[in-house]
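> one predicted model, sequence on top.
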Amino acid sequence: MPPHPGSLRLAYELWTQYGSAHLAYRLAHEAARRTGLLKRRFPARGWDARPLSSWCAAGVPTQPEAYRSLRERSPSRFFFAPGVLAALPREGAQDGIAKAEAVLAGRPAYFGHTSMFLGFPFDWFLNPFTGERADADRHWCDRDGFEPGQGDIRTLWEPARFGWVYALVRGYAGNKDARYASGFWTLLESWLASNPPNMGPHWQDGQECAVRLMALCFGLQAFWKDGVTSADRIARLAQVIAVHADRIEKNLNFARSQIGNHAVSEAAALYTAGVLYPEFRRAPTWRRKGLRVLDDEARRHNHDDGSYVQHSMNYHRLMLQGYLWAMRLAELNGDPVSGETVRKIDKAADFLFLLQDPASGRVPNYGPNDGSLLLPLNACDFLDYRPAIGAAHFQIHRKRLYEPGAWDEDLIWLFGPDAQAAGRTLRDRSSQGLDDGGYYVLRGREAWGMVRCHSFRNRPNQADLLHLDLWWRGLNILRDSGSYLYNAPRPWSDRFTSTAAHNTVQLGGQDQMLKVHRFTWAYLARARVIRFQARLAENVDCFEGEHYGYRRLASRATHRRTVVRLGDSLWLVIDDILGRGREQVRLFWHLLDVPFTADTRGVRLSTPMGPVSIAMHVPGGGGTLRVARGEEGDEPMGWESLHYRERRPAPTACFDLGQPELPQRIMTLVSLGGAATWQLDSPMAGLRLSEPGGAAWTLRLAPPGPERLPVLSEVVGETAG
């Protein structure tokens with residue numbers, strides 16, 4: 001086992017991932033923070049220190065009544081006219097009212113799946129899950145996002161993102177109850193009183209400011225005609241927008257250095273302030289810079305196959321919604337978005353559509369999921385991606401992508417009620433290999449799977465190479481465990497990002513890469529696709545690939561995986577462990593949480609859609625199977641996290657081979673709808689699989705070894721009869 005990387009090794013790893021220019025910028029930024037230079041750019045002064053007049057261009061009237069009149073004549077266009085809200089479908093109106101009432105009761109939503117009590121107005125510095133509190137009297141430059149005593153910073157930030165604004169607006173659209181407008185202004189004024197510019201945790205991250213800025217614009221537009229929206233309040237909110245845009249602009253390069261969705265959110269918000277508030281002195285610059293950064297980020301980080309630089313479905317959706325917001329505003333206000341950006345975002349929406357389960361609207365629970373949802377504008381479950389994908393598709397093609405449903409509410413808000421009557425794009429999902437991102441999709445009529453095979457270049461989030469996600473009739477049978485919590489205590493801090501938390505093979509009791517910091521991995525794993533072939537035979541798809549993350553072990557091991565989809569019922573997975581000497585080998589399968597039974601060689605699930613059988617076999621014998629659900633201890637097993645900071649039991653099967661002599665092969669057969677039979681010829685040369693009363697296949701296999709590529713040489717199918 002190699003030692004944990006020292007400072008020199010860590011420096012080398014960071015240099016290879018990010019490059020000299022990137023590291024030089026980050027070091028300079030950190031030096032500026034520690035020496036106080038950064039703090040000078042962000043002075044901590046009260047709200048009255050920079051009144052609205054200091055942000056507006058010369059000649060702009062800033063007395064409240066005159067400024068309100070100016071805003072009413074503004075040429076800028078929003079998604080809907082000031083105070084003019086379309087009628088929502090009954091389901092959306094009822095959902096909006098229920099969520100708005102929860103806000104007024106002091107129970108805002110957290111991470112799209114639970115509500116917690118904060119009182120009303122909210123206690124902006126309370127972590128309601130733990131009772132911990134953050135202090136509010138330090139400049140954000142002097143704070144650490146993961147300092148003890150305040151709990152998880154992402155939890156603290158959630159209500160200050162102002163996501164509850166959308167709940168109040170949707171409730172207001174449902175019944176025009178003035179309490180919702182009053183609640184908006186009461187909560188905003190409470191937040192302003194507790195959070196002077198640049199003081200406290202809610203100024204700590206530019207993305208938090210960006211998400212808040214966008215919600216404020218949405219709320220003001222919705223409540224414009226309500227009697228509680230006075231001229232004084234409008235002028236004050238405009239000042240708040242300017243302060244937020246200034247905070248974002250002055251540190252936007254830092255967001256860009258994070259390589260991901262932060263820069264997208266911040267650029268979208270900066271553009272929003274510039275285009276909606278042309279009376280600000282900096283508005284032309286914010287407008288140009290926001291669009292320029294959005295174009296550049298799409299060019300650099302959105303791949304041609306639709307995948308995104310961040311290995312996360314939730315971050316991909318967050319990025320997509322940031323572009324959707326900005327592109328729609330740009331369209332309404334006559335600003336050009338580059339054709340390349342439009343093409344990349346179209347591909348990004350197609351990517352999520354391809355990896356989406358058609359029955360549930362969900363995608364694999366893959367990568368970090370911090371509960372972010374930029375546009376909570378519908379009654380859909382947080383895990384349903386149809387609203388974001390459908391709205392992005394409509395923005396580019398002016399056609400609906402799905403059958404009518406609750407996800408159409410986003411179209412009403414962003415494009416008006418007539419969008420529901422638009423024609424529909426008829427698009428199928430098929431087996432595809434996305435080489436840029438390393439996602440490989442095998443699709444049948446009722447079942448589909450995703451395999452990950454990627455050579456990481458920077459910022460991997462978890463050690464999950466050759467992970468297999470398997471879906472059947474809307475159920476995620478073999479699943480990713482999720483990501484749980486950024487700042488979890490041990491033993492949970494690294495568990496959900498580990499190799500053992502994914503459907504793949506773990507060697508030597510180690511992860512495929514070495515985690516050296518909360519968000520940093522060393523010894524980045526390389527991988528190679530040997531073959532991806534849709535329709536290898538009639539109704540048969542095949543993936544073969546390998547990764548080299550365990551070459552650092554004494555065994556110099558390589559993990560090679562073959563996944564074969566045989567019709568709609570059978571999935572064969574062949575794991576070859578190549579190397580020298582002996583090595584500890586364990587195979588993990590994370591399962592749908594339904595009643596199950598297990599024996600020494602397999603697990604049987606009783607799902608709402610029928611039985612599922614998962615059988616494991618080692619040619620020549622060997623291996624023991626253990627299934628755990630909700631097991632705690634130093635190495636917890638049998639847990640999953642579908643939402644941020646949610647952890648719940650779910651069965652995990654661990655097939656342990658001990659320390660066999662390499663090379664070694666493990667074969668797993670997943671049978672959907674009933675048990676299948678298999679017959680293996682010696683020595684591992686042929687395999688016959690058959691469904692009860694159904695089709696049968698004969699597969700010709702090569703034994704494990706680097707000289708025999710590929711593993712699967714032939715598939716012959718026959719129909720029962």
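Nice, I can see it.

> show me where the stretch 551-700 of the chain has its strands.
Assigned strands in the stretch 551-700 of the chain, in chain order: 558-566, 570-578, 585-590, 596-598, 602-607, 610-617, 624-628, 639-640, 648-649, 652-658, 664-672, 677-680, 686-690, 696-701 (criterion: DSSP state E, counting those that start in this stretch).

> G474 is nearest to which of these?
Closest approach to G474 among the strands of the stretch 551-700 of the chain (CB to CB): strand 602-607, 10.1 Å. All C-beta atoms are positioned from the backbone trio N, CA, C, and that covers glycine.

> follow-up on the earlier one: least confident of the strands of the stretch 551-700 of the chain, on average?
Per-stretch mean pLDDT for the strands of the stretch 551-700 of the chain is lowest at strand 677-680 (a mean of 78).

> give the buried residues for it.
When burial is assessed from 16 or more other CB atoms under 10 Å, strand 677-680 yields the following buried residues: 678, 680.

> just the CA atoms of it, as CSV, please.
Output of strand 677-680 as CSV, limited to C-alpha atoms (Å, rounded to 0.1, in the frame of the first residue of the first chain):
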residue,chain,number,x,y,z
THR,A,677,-30.7,-20.7,-15.6
TRP,A,678,-27.1,-20.7,-16.7
GLN,A,679,-24.7,-23.5,-17.7
LEU,A,680,-21.0,-22.8,-17.9
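
> which other residues reach it?
615, 617, 619, 667, 669, 686-690, 692 (CB atoms under 8 Å, 6 or more residues apart in numbering).

> before we move on, what about stretch 169-184?
With CB under 8 Å, 6+ apart as the test, stretch 169-184 has contacts from 85-88, 92-101, 103-104, 120, 165, 168, 218-219, 222-223, 226-229, 377.

> the domain parsing of the protein - what is it?
Per automatic domain parsing, the structural domains of the chain span 1-38, 73-421, 432-485+501-633+651-674.

> T229 reaches G219, doesn't it?
No - T229 lies out of contact with G219 (CB atoms under 8 Å); the separation is 9.6 Å.

> now render the strands of the stretch 551-700 of the chain as a markdown table, adding distance to D357.
Shown next, in a markdown table, are the strands of the stretch 551-700 of the chain (distance: least, CB to CB, whole Å):
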| stretch | distance to D357 |
| --- | --- |
| strand 558-566 | 15 |
| strand 570-578 | 16 |
| strand 585-590 | 17 |
| strand 596-598 | 21 |
| strand 602-607 | 14 |
| strand 610-617 | 16 |
| strand 624-628 | 25 |
| strand 639-640 | 16 |
| strand 648-649 | 20 |
| strand 652-658 | 21 |
| strand 664-672 | 14 |
| strand 677-680 | 27 |
| strand 686-690 | 25 |
| strand 696-701 | 25 |
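
> out of the ones you listed, nearest to A263?
In terms of CB to CB, the element of those nearest to A263 is strand 639-640, at 30.6 Å.

> run through who's touching the closest one.
For strand 639-640, the external contacting residues (CB under 8 Å, 6+ apart) are 365, 479, 481-482, 495-496, 590, 593, 630, 647-650, 652.

> pull up the pairing partners for that strand, direction included.
Here strand 639-640 is paired, per DSSP bridges, with strand 648-649 (antiparallel).

> how about residues contacting the strand it pairs with?
Around strand 648-649, the neighbours that count as contacts under CB under 8 Å, 6+ apart are 593, 629-630, 638-642.

> please report phi then psi for the closest residue to D480 other than its chain neighbours.
Computed as CB to CB, 6 or more residues apart in numbering, the closest residue to D480 that is not its neighbour in sequence is N365, at 4.5 Å. Main-chain torsions, N365, degrees, to the nearest 10: phi -80, psi 60.

> roughly how far does N365 sit from G36?
Separation of N365 from G36 (CB to CB, to the nearest Å): 42 Å.

> neighbour count winner among those two?
Higher neighbour count among N365 and G36: N365, with 21 against 11, using other CB atoms under 10 Å.

> ok now the host helix or strand of V211, how far from the chain's centre?
Element membership of V211 [criterion: DSSP states H and E] is helix 206-222. When C-alpha coordinates are averaged (CA atoms, centre = their mean, to the nearest Å), helix 206-222 and its chain have centres 21 Å apart.

> which elements pack onto it?
Applying 3 or more CB pairs under 8 Å, 6 or more residues apart in numbering; DSSP states H and E, we find helix 206-222 packed against helix 164-175, helix 178-194, helix 231-250, helix 252-257, helix 261-276.

> 6 Å instead, please
Judged by 3 or more CB pairs under 6 Å, 6 or more residues apart in numbering; DSSP states H and E, helix 206-222 is in contact with helix 164-175, helix 231-250, helix 261-276.

> that helix: which residues count as buried?
206-222.

> returning to that earlier point: JSON lines for the contacts of strand 648-649, including neighbour count and distance to P148?
Output for those, formatted as JSON lines (neighbours: other CB atoms under 10 Å; distance: CB to CB, whole Å):
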{"residue": "D593", "neighbour count": "16", "distance to P148": "33"}
{"residue": "R629", "neighbour count": "14", "distance to P148": "32"}
{"residue": "G630", "neighbour count": "15", "distance to P148": "28"}
{"residue": "G638", "neighbour count": "22", "distance to P148": "29"}
{"residue": "W639", "neighbour count": "24", "distance to P148": "24"}
{"residue": "E640", "neighbour count": "24", "distance to P148": "27"}
{"residue": "S641", "neighbour count": "23", "distance to P148": "23"}
{"residue": "L642", "neighbour count": "21", "distance to P148": "28"}
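
> perfect, that will be all.
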